[in-house]
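Visitor: Make a model of this:
(one chain, ligands or ions: 1)
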Amino acid sequence: MGLFERDTEVYKDRDALREDYQPEKLVGRDEEIQMYQAALQPVINSEQPNNIFLYGKTGVGKTAATKYLLSHLEDDAEQYDDIDLNLIFLNCDGLTSSYQIATRLVNELRDEANQISTTGYPRATVYEMLWSDLDNLGGTVIIVLDEVDHVKDDSILYQLPRARANENLTEAKIGIIGISNDFSFRDDLSPKVKSSLCEQEIHFPAYDASNLKQILEQRATVAFHEGVLSDGVIPLCAAYGAKDAGDARQSIDLLMKAGDLAREEDTSTVTEDQVERGRRALERGRIEEGISGLTQHGHLVLYALLTLDLENETPVRSRDVRPRYTRFTRLAQRDPLVPRRMRDHLSELAMLGIVSVTERNEGRRGGTYREYAIDMDLSLIISALDDIITEVGVHDSLSSYLDTANEPQITGTLADY
Ligand SMILES: Nc1ncnc2c1ncn2[C@@H]1O[C@H](COP(=O)(O)OP(=O)(O)OP(=O)(O)O)[C@@H](O)[C@H]1O
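Guide: Sure thing, here's the model as predicted:
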């Protein structure tokens, strides 16, 4: 027998749980899809398309709805001889300037032999190339700018939607679809950009548990063999998804993790216990990723707060974290940051969901202050801080915690993950 043997006990089609899978229908998004479809209707009428702006938190179906509707639009447009529809899909992650967006668009519109360099041209020249390439293509051009909030200067976001009004384009009719999960981006747009880019705004709200349940049921039918999922599995994945952020991606990932555990453990059904353990494993991955992305001072601040937490000193003010942070910094042979910068690290940890923040009032004389506490499984944080703990040394509070954690019932938990 070979080392690998095909196993199809649990999954019928595991790929249906992957990020790149495009579901045939989107469930629980009727209202948004209806608005979105109406906003795209001018394309089929061979009119100038609307500029559309979609916003909502991560994993709420903005990209999936866009791909779904544009693929229908493309198919349906084929029936009409007077529509020549071209779609350009650009993810702006990694493209931070208007210049980069413009050169990328020019290259999307050109064949291999005529690509331009991504540096070295004056911006106006690249815009000229863009207008002329768009006009050469002609017809209706829909440009999707996904994660548009990565673009830090708004020149292109003003120029593109207004290109025809400004007489830069005479042939092509273009429509921009901007997609963002950053609410402040939309609020911070200058009024002139907002009025052209956000002609039609569509908000995608977070999913609730019943939406997520529908989404997971639809996906599970494609991905798993019938009867493999225990009754509580989908409701549990949906409940966790709704509690976390109403994010469909997270719920689908959790269902896949539970399925993978069933496969690894060679069980014929996926159980709620596998969902629970899968959740911990995913959370661990997220925390490790979050912590490993921090600077060394971020690690030192977290280590200081962790030890205060182990001594039951939390919630604690930043000025009371400082002495320990300073000591740890010296032990790591660094200079401590000024108090404000140290506080910025605490805020960053709060943004990552590792630390909780409580605003407090100073009493009658006014003034508010913040208190911080660890808001995560300690064993996960300890393992993610491994390097800095080795460098600074094991604090007393941590060594007693580790001793206690070695008791059988906790060892079991640690060993599982
Ligand atoms: N209504 C839905 N029905 C079926 N699947 C959905 C639905 N909404 C989202 N999904 C699935 O959830 C995952 C995340 O959705 P999507 O990528 O569209 O989110 P998004 O809002 O664009 O998030 P981000 O802002 O992070 O890009 C995808 O796998 C998508 O297929």
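
Visitor: give me the low-pLDDT residue ranges for the stretch 51-200 of the chain?
Guide: Residue ranges of the stretch 51-200 of the chain with pLDDT under 70: none are present.

Visitor: what residues does this structure put near the ligand?
Guide: Counting by CB under 6 Å from any ligand atom, the residues of the chain close to the ligand are 19, 23, 26-29, 56, 58-64, 181, 215, 248-249, 252. Just so you know, the C-beta spots here come from the backbone N, C-alpha and C atoms, and that holds for glycine as well.

Visitor: If any of those residues are buried, put those into a ChimeraX selection.
Guide: Buried members of these, defined by 16 or more other CB atoms under 10 Å, are picked up in ChimeraX with:
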select :23,26,27,28,29,56,59,60,61,62,63,64,181,215,248,249,252
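
Visitor: From the residues of the chain next to the ligand, which land in helices?
Guide: Counting by DSSP state H, the residues of the chain next to the ligand place 62-64, 215, 248-249, 252 in helices.

Visitor: Next, format those residues as TSV and append distance to residue 155.
Guide: Conversion of those to TSV gives the following (distance: CB to CB, whole Å):
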residue	distance to residue 155
62	24
63	25
64	30
215	38
248	34
249	32
252	37
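
Visitor: What is the nearest of these to residue 194?
Guide: Comparing those against residue 194 with CB to CB places residue 62 closest, at 18.2 Å.

Visitor: show me what contacts the closest one?
Guide: 54-56, 179, 181, 204 (CB atoms under 8 Å, 6 or more residues apart in numbering).

Visitor: quick one: contacts of stretch 340-355?
Guide: Applying CB under 8 Å, 6+ apart, the external contacts of stretch 340-355 come out as 287, 290-291, 294-295, 297-298, 301-302, 305, 318, 321-322, 325, 336-337, 356-357, 372-376, 381.

Visitor: And that stretch, what's buried?
Guide: Result for stretch 340-355 [16+ other CB under 10 Å]: buried residues 342-346, 348-350, 352, 354-355.

Visitor: How far away from the center of its chain is the helix or strand hosting residue 86?
Guide: Assigned by DSSP states H and E, residue 86 falls within strand 85-91. For strand 85-91, the separation from the chain centroid amounts to 21 Å (computed by CA atoms, centre = their mean, to the nearest Å).

Visitor: Run through the neighbouring helices and strands of it.
Guide: The contact analysis (3 or more CB pairs under 8 Å, 6 or more residues apart in numbering; DSSP states H and E) places strand 85-91 against helix 62-77, helix 98-109, strand 140-146.

Visitor: now, of those, which is deepest in the fold?
Guide: strand 140-146 (a mean of 23; mean count of other CB atoms under 10 Å).

Visitor: Tell me the helix or strand right after that one.
Guide: Downstream of strand 140-146 (by DSSP H and E), the next one is helix 155-159.

Visitor: now what about that next one, what contacts it?
Guide: Contacting residues not belonging to helix 155-159 are listed as 98, 101-102, 123, 127, 145, 148, 151, 166, 168, 176, 178, 189-190, 192-193, 196-197 [CB under 8 Å, 6+ apart].

Visitor: now do stretch 77-92
Guide: By CB under 8 Å, 6+ apart, stretch 77-92 touches 43-44, 46, 70, 73-74, 101, 104-105, 108-109, 137-151.

Visitor: what do you get for stretch 15-31?
Guide: So stretch 15-31 is contacted by 33, 61, 64-65, 67-68, 71, 204, 207, 210-211, 214-215, 218-219, 222-223, 249, 252-253, 255-256, 259 (CB under 8 Å, 6+ apart).

Visitor: what's the offset of that stretch from the middle of its chain?
Guide: For stretch 15-31, the distance to the chain centre is 17 Å (CA atoms, centre = their mean).

Visitor: how about the strands of this structure, start to end?
Guide: Under the criterion DSSP state E, the chain contains strands at 52-55, 85-91, 140-146, 173-180, 200-203, 316-317, 355-361, 368-374.

Visitor: Of all those strands, which one comes closest to residue 236?
Guide: Of the strands of the chain, nearest to residue 236 by CB to CB is strand 355-361, at 24.3 Å.

Visitor: Give me the buried positions along the closest one.
Guide: residue 355.

Visitor: May I have it as PDB, with CA atoms only?
Guide: The C-alpha coordinates for strand 355-361 follow below in PDB (Å, rounded to 0.1, in the frame of the first residue of the first chain):
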ATOM      1  CA  VAL A 355      -6.300  42.800  25.300                       C
ATOM      2  CA  SER A 356      -9.500  44.300  26.600                       C
ATOM      3  CA  VAL A 357      -9.900  48.000  27.400                       C
ATOM      4  CA  THR A 358     -12.200  49.600  29.900                       C
ATOM      5  CA  GLU A 359     -12.800  53.300  30.100                       C
ATOM      6  CA  ARG A 360     -13.200  54.600  33.600                       C
ATOM      7  CA  ASN A 361     -14.200  58.000  35.100                       C
END
